[in-house]
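>>> Attaching a predicted model along with its sequence, questions to come.
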Number of protein chains: 2
Amino acid sequence: MTYIGELGSGNYVKMVHNGIEYGDMQLIAEAYEVLRTIGGLSNEELAAVFAGWNAGELDSFLIEITARIFTVKDTEGGEGFLVDKILDKTGMKGTGRWTVQEAAERSIAAPTMAAALDTRCLSGLKEERAAASKVLVGPTDLPRVDKAQLIDDVRQALYAAKICSYAQGMNLIREAGKQLGWRIDLGECARIWKGGCIIRAKFLDRIKRAYDRNADLASLLVDPEFAEEINARQPSWRRVVALCAACGIAAPSLSSSLSYLDQYRRPRLPANLTQAQRDFFGAHTFERVDKAGAFHCEWARESTAPEAVLAASGSAGAAAAAGAGAAK
Amino acid sequence: MTYIGELGSGNYVKMVHNGIEYGDMQLIAEAYEVLRTIGGLSNEELAAVFAGWNAGELDSFLIEITARIFTVKDTEGGEGFLVDKILDKTGMKGTGRWTVQEAAERSIAAPTMAAALDTRCLSGLKEERAAASKVLVGPTDLPRVDKAQLIDDVRQALYAAKICSYAQGMNLIREAGKQLGWRIDLGECARIWKGGCIIRAKFLDRIKRAYDRNADLASLLVDPEFAEEINARQPSWRRVVALCAACGIAAPSLSSSLSYLDQYRRPRLPANLTQAQRDFFGAHTFERVDKAGAFHCEWARESTAPEAVLAASGSAGAAAAAGAGAAK
């Protein structure tokens, strides 16, 4: 037990906890999907893998119950394992939804839990998915993979994505606190989540330590210890995401967490083009990299029409135009 | 001009238009990022490529102004092109945010526009990103790519992701209409967006035709014409997303759209595990694939503890445990 902050802040922190829980569960579901579909792991192997993970840095309640789930035989008298008899339609009670809406409200990117929420929505469309599977194809030949390597890559991807997810959640709590006048100790949030919460994990100690080291940490991602872990796990994480894209296996939380990292660690994003577009069609103005102020350009007047560019262009434009598909 | 539906529905459709616009702009920004960063294209080449795309199936106002933007020299007297002088911090007015919140409210997955919103939030953290770039590393060696192939792959990825994005937007309008008692003609929405809107495009004719063919279409993705286009573009799209993951280039809208497709076209998702977890820790019950009803399992009692699994397991668990990282 602890005192979180001013009136309402305790409920808010509990809400974000549930959003993070959605993310954790979805990351585990994706690990499961990759291991069973691409890796071909049996339930016995999955139980052993998750049990192994639970003995390491992923040690947590959700990993433990996942390991346990894979050991349960069908309790209704059928053959095989119970997990395979469960319909893939997920329910929800609403707190994940609120967290995603709140993140949008506070301008905090929270793609890991948003992807988890989307997945719950899509899982509910069971009949639509069955119909879609008849007209939309996917890759049919799965590559041969080194099973041990895949298991290790997925473990590292899961851990790194989890850091990203918690970074989003903590930043949402901090931003809400800032906007609503709550003084919230983020390290203390992590500490109390160890007591009986669904997301309880050894991992939370490290979050506590990160905020103890620096209470004003801009993001967990830049804490020296977490940054080092993220950096070390990137090759594995990238292999898993790329493999899923190639194989037609959806890994929305693993991949959106990676996109989050790849945006957060980039000093320069393509948002300059977005600002140019906004100034072009809406005169929203833009800032410059080299001097202060708000600038506007008469883009239509200053620019060359595509037709003129094409007429004057060499191979790149011609090739693009040739391959651009007939406009129907 | 057209009559959209009951009071309020016109505003709602305009809001979703703006969410779709966010998605379109972000998809174009990602295409730009891939082409300039991995492909090494100059602004002249980018102008020619987008001009070429504008002469084909991507023909639209946003592609046209993008082509034009790359032709504009610095209007403040500096060297080079104006687009390179624009600060990569994106503003927003709020309608994209509302659309994302509404999608969550109505249980409609809308990851393409959500990724666009997240990107605007992250682009605003310019100083944080600069600091993060000093501690978080990424891949340093970009692969050599065939430029013409890359340009063509990106074009196909952009078009396919656009179909996914519009499918999300149309389904949001339909669901809101259903919940709020509006009778909205989705084909008519697509038609009026051709008149002066930011997202005006030849592409909208095809959406109109899809709903003319079948007003009750579950999703644009299963319209025979769009399904065929999506199927044909998948190899290119997958190559681009996998390449971005490997190279450390964020492509959140391209990749989350692909995840959306890969979930929507799968008759079986790993949501069975999520339901097992929910029943384990919250007794939320689950459905079965083979008989009707709500079921519950006493998971803790029926399952084997991870320690026992590990003690009994062969190589898989031992290997996973050995590589699982020391719990700190």
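Good, I have the coordinates. Being a predicted model, the structure only gives us computed values, none of them experimental.
>>> any idea how far the residue nearest to A:D153 when sequence neighbours are not counted is from A:A160?
Closest residue to A:D153 apart from its sequence neighbours, by CB to CB, 6 or more residues apart in numbering or on different chains: A:S236 at 4.0 Å. Just so you know, the C-beta spots here come from the backbone N, C-alpha and C atoms, and that holds for glycine as well. Going from A:S236 to A:A160 by CB to CB, to the nearest Å gives 8 Å.
>>> of the two, who's got more company?
A:A160 (26 against 20; other CB atoms under 10 Å in any protein chain shown).
>>> Now do the host helix or strand of the more buried one, average pLDDT.
Using DSSP states H and E, A:A160 sits in helix A:147-180. Confidence over helix A:147-180, taken as the mean pLDDT, stands at 97.
>>> What is the burial count for the closest residue to A:S133 other than its chain neighbours?
In this structure, A:S133 finds its nearest non-sequential neighbour in B:P267, 4.5 Å apart by CB to CB, 6+ apart. Neighbours of B:P267 under the rule other CB under 10 Å: 13.
>>> and stretch A:192-205, which residues are buried?
Within stretch A:192-205, the residues that count as buried by 16 or more other CB atoms under 10 Å in any protein chain shown are A:192-194, A:197-201, A:203-204.
>>> how about those, which pair is most distant?
A:I192 and A:F203 (14.3 Å; CB to CB).
>>> hmm, back to that, for the residue nearest to A:D153, give me the pLDDT.
On pLDDT, A:S236 comes in at 98.
>>> Does it touch A:L158 like I think?
No. Counting by CB atoms under 8 Å, A:S236 does not reach A:L158; the two are 9.7 Å apart.
>>> quick one on the thing from earlier: and the residue nearest to A:D153, which of the three is it?
Classification of A:S236 using DSSP: H, G, I helix; E, B strand; the rest coil returns helix.
>>> Give me the spatial nearest neighbour of the most centrally placed residue in chain A, chain neighbours excluded.
Computing the C-alpha centroid of chain A and ranking residues by CA atoms, centre = their mean puts A:T112 first, at 2.7 Å. The shortest distance from A:T112 to any non-neighbouring residue, by CB to CB, 6+ apart, is to A:S165 (3.8 Å).
>>> so that neighbour makes contact with A:L27?
Yes. The criterion here is CB under 8 Å, and A:S165 meets it with A:L27 at 7.1 Å.
>>> So for these two, which residues contact both of them?
Counting by CB atoms under 8 Å, 6 or more residues apart in numbering or on different chains, the residues touching both A:S165 and A:L27 are A:112, A:253, A:257.
>>> can the one helix or strand the second one maps to be found next to chain B?
It refers to A:S253. A:S253 belongs to helix A:252-264 when assigned by DSSP H and E. Yes. Judged by CB under 8 Å from any CB of the partner chain, helix A:252-264 and chain B are in contact via A:252, A:255-256, A:258-264.
>>> relative to helix A:147-180, how tilted is that helix?
Interaxial angle of helix A:252-264 relative to helix A:147-180 (axes from the mean of the first three to the mean of the last three CA atoms, to 10 degrees): 60 degrees.
>>> Can I take it that the residue nearest to the centre of chain A is in a helix?
Yes. Counting by three-state DSSP, A:T112 falls inside a helix.
>>> how about it, what does it touch?
So A:T112 contacts A:23, A:26-27, A:161, A:164-165, A:168, A:253, A:256-257, A:260 (CB under 8 Å, 6+ apart).
>>> The same query, at a cut-off of 7 Å, please.
A:23, A:161, A:164-165, A:168, A:253, A:256-257 (CB atoms under 7 Å, 6 or more residues apart in numbering or on different chains).
>>> ok, now A:K89?
Contacts of A:K89 (CB under 7 Å, 6+ apart): A:123-124, A:126, B:271, B:287.
>>> and those residues as CSV, adding distance to A:L35, neighbour count and pLDDT?
Putting these into CSV (distance: CB to CB, whole Å; neighbours: other CB atoms under 10 Å in any protein chain shown; pLDDT from 0 to 100) gives the following:
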residue, distance to A:L35, neighbour count, pLDDT
A:S123, 19, 26, 97
A:G124, 24, 18, 95
A:K126, 23, 18, 95
B:A271, 16, 27, 97
B:E287, 24, 19, 97
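>>> Filter those residues down to just the ones in strands.
Secondary-structure check on those using DSSP state E: no residue lies within strands.
>>> nearest to B:V309, of those residues?
B:A271 (23.6 Å).
>>> thought the closest one was touching A:T90?
Yes. With contact defined as CB atoms under 7 Å, B:A271 reaches A:T90; the gap is 4.4 Å.
>>> which residues do the two both contact?
A:S123.
>>> OK, contacts around A:R129?
B:264, B:266-267.
>>> I'd like to know which helix or strand in chain A has the lowest mean pLDDT.
In chain A, no helix or strand scores lower on mean pLDDT, DSSP states H and E than helix A:315-322, which sits at a mean of 55.
>>> which parts of stretch A:9-29 are buried?
A:9-10, A:12-13, A:15-29.
>>> Could you tell me how many residues sit around A:T304?
A:T304: 15 neighbours (other CB under 10 Å).
>>> And A:V72, how far from chain B?
5 Å (CB to the nearest CB, to the nearest Å).
>>> Can you give me every residue that contacts that residue?
By CB under 7 Å, 6+ apart, A:V72 lies in contact with A:81-82, B:297, B:299, B:302-303.
>>> out of these, who has the most neighbours?
A:L82 (26 neighbours).
>>> how much space is there between that residue and A:E76?
8 Å.
>>> Please tell me the pLDDT value assigned to A:A51.
pLDDT, read off for A:A51, is 97.
>>> Against A:A110, how distant is it?
30 Å.
>>> and if you look at A:I163?
Taken as CB to CB, the span from A:I163 to A:A110 is 14 Å.
>>> Tell me the secondary structure of A:M92, please.
coil.
>>> what about it, how many neighbours?
Neighbourhood size, A:M92 [other CB under 10 Å]: 19.
>>> Over to A:T95?
16.
>>> Check the one 4 residues further on too.
When neighbours are counted by other CB under 10 Å, A:T99 registers 29.
>>> Verify the stated contact: it with A:I20.
No. Counting by CB under 7 Å, A:T99 stays clear of A:I20, with 8.0 Å between them.
>>> Give me the common contacts of those two.
Going by CB under 7 Å, 6+ apart, residues that sit against A:T99 and also against A:I20 are A:M113.
>>> OK, contacts around the nearest residue to A:P306 once chain neighbours are set aside?
Nearest non-adjacent residue to A:P306, counting by CB to CB, 6+ apart: B:A51, 3.6 Å away. Contact partners of B:A51, counting by CB under 7 Å, 6+ apart, are A:306, A:309-310, A:313, A:317, B:67.
>>> Please, which helix or strand holds B:A51?
Assigned by DSSP H and E, B:A51 belongs to helix B:43-54.
>>> What of A:T119?
Going by DSSP H and E, A:T119 is part of helix A:111-123.
>>> got the angle between that helix and helix A:252-264?
Going by the same axes, to 10 degrees, helix A:111-123 makes 150 degrees with helix A:252-264.
>>> domain parsing for chain A?
A:9-264, A:272-327 (automatic domain parsing).
>>> Just name the most buried of these.
domain A:9-264 (a mean of 21; mean count of other CB atoms under 10 Å in any protein chain shown).
>>> gap between A:R120 and chain B?
Distance, A:R120 to chain B, by CB to the nearest CB: 8 Å.
>>> ok, now which ones touch the closest residue in space to that residue that isn't next to it in sequence?
Leaving aside its chain neighbours, A:R120 sits nearest to A:T90 (4.5 Å; criterion: CB to CB, 6+ apart). Contact partners of A:T90, counting by CB under 7 Å, 6+ apart, are A:120, A:123-124, B:271, B:274-275.
>>> Now do the same for A:T90: its pLDDT.
90.
>>> again, but for A:G138
Looking at A:G138, the pLDDT reads 95.
>>> Could you do the one 3 residues further on as well?
The predicted local distance difference test score for A:D141 is 85.
>>> tell me the phi and psi of it?
phi -90, psi 110 (degrees, to the nearest 10).
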